[in-house]
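> this is the structure alone, sequence omitted:
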């Protein structure tokens, strides 16, 4: 059994039926979906923290919000601080990166986001197509 499956089953066992997220941490959200926990998407992490806060207050129960590490986790902080000071129960789960990428500022080490070597190709092929749309 994978760690993500154990966490998803533990959340379900403790009454969690939905989580606020942006599809990260991916393994956890896929495992959560498999056990019937639904994902409620947010656009930005600060909005996700506010949504989780409101959901916990309205439902009088623990709520879960997930995020990517790095800058995304920092955006959760104000909402989590407000929840803490107001005694609103929120659990924040933030993904980490692989050990070899630690301390390399690789907060999106997911093989989906462009790396430095892709930047010239993006500049030469994507931006020319976007420029007319921006006018």
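Noted; the coordinates are in hand. As the structure is a prediction and not an experimental result, all values here were calculated from the model. Residues are numbered from 1 along each chain as shown.
> show me where the protein has helices.
According to DSSP state H, the chain carries its helices in the segments 3-13, 26-34, 45-59, 71-85, 119-121, 127-130.
> for these, which has the smallest mean pLDDT value?
If these are sorted by mean pLDDT, helix 119-121 sits at the bottom with a mean of 62.
> before we move on, the earlier item: for residue 96, find the nearest of the helices of the chain.
helix 71-85 (9.9 Å; C-beta to C-beta). Where you see a C-beta, it was placed from the backbone N, CA and C, and this is true even at glycine.
> about what we covered before: export the helices of the chain to a markdown table and append columns for mean neighbour count and distance to residue 94.
Output for the helices of the chain, formatted as a markdown table (neighbours: other C-beta atoms under 10 Å; distance: least, C-beta to C-beta, whole Å):
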| stretch | mean neighbour count | distance to residue 94 |
| --- | --- | --- |
| helix 3-13 | 15 | 13 |
| helix 26-34 | 18 | 11 |
| helix 45-59 | 19 | 10 |
| helix 71-85 | 15 | 5 |
| helix 119-121 | 10 | 27 |
| helix 127-130 | 9 | 31 |
